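Chemist: Here you go, sequence then predicted model.
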Amino acid sequence: MSTSTVDEAVDLSLMEQVFDNYQGQRGALIPILQKTQEIYGWLPPETLRFIARRLNISVSKVFGVATFYAQFYLQRRGRHVLRLCDGTACHVKGTPILTTAVEEEFGIGPGQTSEDGELTVEIVYCLGSCALAPVAVLDGEVIGRVKQDKLLRTLKKTLKAG
């Protein structure tokens, strides 16, 4: 249940265009972090150090901003991301059963990524779709009133398709 499959060198040259786009702009840290995450799918430690050097700010400031906002990920994420809502309505209607089913079937729990880097499972605490409880979101697609068998079939199909 690691967060990455192989430690790979990060090609920082991919970020040059990002810095070209924000050259001379004050307060560009958040958009630079957003673009960096778009490039790599997460914020590798090397990118945080690179951003700090290029912006002439401390690594701790960059890290502080990256950890303050939930939109940023400091660990490698799977190619596919499953979010299970565990807000009150979803919890009562079955999210714990869904979480257990995914854990038993794929060997990963909330906050983990599969060894092969294909699937990340996350718990979120409200998706604002209580009428569809329980709700799962797989790669941005909402699955409402999801049952255990449907969720597992959908995951297997998605992972098999690549």
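Modeler: Structure's in. What do you need? Numbering: from 1, shown residues only.

Chemist: Tell me how the chain divides into domains.
Modeler: 12-68, 80-161 (automatic domain parsing).

Chemist: can you redo the ones you listed as a markdown table with mean neighbour count and distance to residue 74?
Modeler: Glycine gets a C-beta too; all of them are placed from N, C-alpha and C. Compiled in a markdown table, these are given as follows (neighbours: other Cβ atoms under 10 Å; distance: least, Cβ to Cβ, whole Å):
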| stretch | mean neighbour count | distance to residue 74 |
| --- | --- | --- |
| domain 12-68 | 15 | 6 |
| domain 80-161 | 17 | 12 |
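
Chemist: what about the strands in the chain?
Modeler: 80-85, 112-113, 119-124, 136-138, 141-143 (DSSP state E).

Chemist: quick one: the residue nearest the centre of the chain from residue 103, how far?
Modeler: Residue closest to the average C-alpha location in the chain (Cα atoms, centre = their mean): residue 77, at 5.3 Å. As judged by Cβ to Cβ, to the nearest Å, residue 77 and residue 103 stand 17 Å apart.

Chemist: Scan the chain for its longest helix.
Modeler: Determined from DSSP state H, the single longest helix within the chain is helix 148-161.

Chemist: correct me, but residue 79 touches residue 118?
Modeler: Yes - using Cβ atoms under 8 Å, residue 79 is in contact with residue 118, at 5.3 Å.

Chemist: one step back: format the strands of the chain as JSON lines; extra columns: distance to residue 58 and mean pLDDT.
Modeler: JSON lines is the format used below for these (distance: least, Cβ to Cβ, whole Å; pLDDT from 0 to 100):
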{"stretch": "strand 80-85", "distance to residue 58": "31", "mean pLDDT": "97"}
{"stretch": "strand 112-113", "distance to residue 58": "29", "mean pLDDT": "94"}
{"stretch": "strand 119-124", "distance to residue 58": "29", "mean pLDDT": "96"}
{"stretch": "strand 136-138", "distance to residue 58": "35", "mean pLDDT": "98"}
{"stretch": "strand 141-143", "distance to residue 58": "39", "mean pLDDT": "97"}
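
Chemist: Alright, that wraps it up for me.
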